[in-house]
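Peer 1: how would this look folded up:
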Amino acid sequence: MLPCFGFDGKIILENWHKVARAPNGNGGLYHALGTHGVVADMRRRGVTCMHVYCVDNILVKVADPVFVGFCQSQNADCGAKVVKKAFPTEAVGVICQVDDHFEVVEYSEITLETAEKRRPDGQLTFKAGNICNHYFTTDFVEAVINQYEDRLIHHVAKKKIPCVGSDGRLCKPTAP
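Peer 2: Predicted coordinates for the structure are as follows:
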């Protein structure tokens with residue numbers, strides 16, 4: 001869990017004596033797996049890979065044999081299943097190459113001009129919608145935990161967070 005901040009940079013209070021907190025997102029997986037000894041347990045059990053998806057993808061095919069099998073046939077350390085964005089401003093992050101590596105860029109981090117960019121054939125330039133459907137080898141996850149976790153970037157998530165207003169009453173915002 002991470003503390004919540006307003007757009008003014010101030011910490012949001014859940015009540016007068018408690019900081020509002022929110023889940024740390026999909027990247028929190030690595031910390032949880034490392035901190036709780038899950039990767040070590042997987043190794044003891046002979047688990048070599050995993051299929052990971054986020055809780056709000058109700059249509060996911062758990063342990064999708066085609067996706068997992070494809071990743072294994074390619075000897076991939078990691079894989080991401082994506083869907084084609086329906087329109088430029090669709091509220092979904094995209095997987096794209098940034099400098100020398102691939103990463104998820106959230107829809108809230110992309111300018112309208114960038115979101116609307118098109119290729120010569122008319123397709124969106126940034127069309128690989130991230131549906132949080134991933135394949136990881138145990139080696140990959142262990143490397144992220146041991147070598148890269150401290151470099152993972154938190155994305156801004158604009159949410160309607162209940163908080164204490166200046167009058168001391170609970171406020172339930174209608175917009176982020």
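
Peer 1: Which residues does the longest strand along the chain contact?
Peer 2: With secondary structure taken from DSSP state E, the chain has its longest strand at strand 128-137. Strand 128-137 is contacted from outside by 26, 48-54, 56-57, 60, 64, 67-68, 71, 76-85, 90, 92-96, 104, using Cβ atoms under 8 Å, 6 or more residues apart in numbering. Every residue, glycine included, has its C-beta placed from N, CA and C.

Peer 1: Filter those residues down to the buried ones.
Peer 2: When the contacts of strand 128-137 are checked for burial by 16 or more other Cβ atoms under 10 Å, the buried set is 26, 49-53, 60, 64, 67-68, 71, 77-81, 85, 90, 92-96, 104.

Peer 1: Look up the pLDDT of the residue positioned nearest the centre of the chain for me, please.
Peer 2: Nearest to the mean C-alpha position of the chain, by Cα atoms, centre = their mean, lies residue 26 at 4.1 Å. According to the prediction, residue 26 has pLDDT 74.

Peer 1: Dihedrals phi and psi, it?
Peer 2: Phi and psi for residue 26, reported as degrees, to the nearest 10, are phi -60, psi -30.

Peer 1: What's the separation between it and residue 14?
Peer 2: 23 Å (Cβ to Cβ, to the nearest Å).

Peer 1: Residue 115 now?
Peer 2: 33 Å.

Peer 1: Equivalent analysis for residue 40, please.
Peer 2: 35 Å.

Peer 1: Can you give me the buried ones in stretch 134-151?
Peer 2: 134, 135, 136, 137, 138, 140, 141, 142, 143, 144, 145.

Peer 1: My error: substitute stretch 163-176 in the last question.
Peer 2: 163, 164.

Peer 1: in the protein, which spans are strands?
Peer 2: Using DSSP E, strands in the chain cover 2-3, 13-15, 18-19, 21-22, 49-53, 78-84, 94-98, 101-105, 128-137, 163-164, 170-171.

Peer 1: Let's see the pLDDT reported for the closest residue to residue 132 other than its chain neighbours.
Peer 2: Leaving aside its sequence neighbours, residue 132 sits nearest to residue 54 (Cβ to Cβ, 6 or more residues apart in numbering; 3.6 Å). For residue 54, the pLDDT comes out at 85.

Peer 1: how about residue 94, what does it touch?
Peer 2: Contacts for residue 94 (Cβ under 8 Å, 6+ apart) come out as 85, 104, 105, 107, 110, 126, 127, 128, 129, 130.

Peer 1: Of the residues you listed - the most surrounded one?
Peer 2: residue 130 (23 neighbours; other Cβ atoms under 10 Å).

Peer 1: measure it to residue 119 for me?
Peer 2: Counting by Cβ to Cβ - residue 130 and residue 119 are separated by 19 Å.
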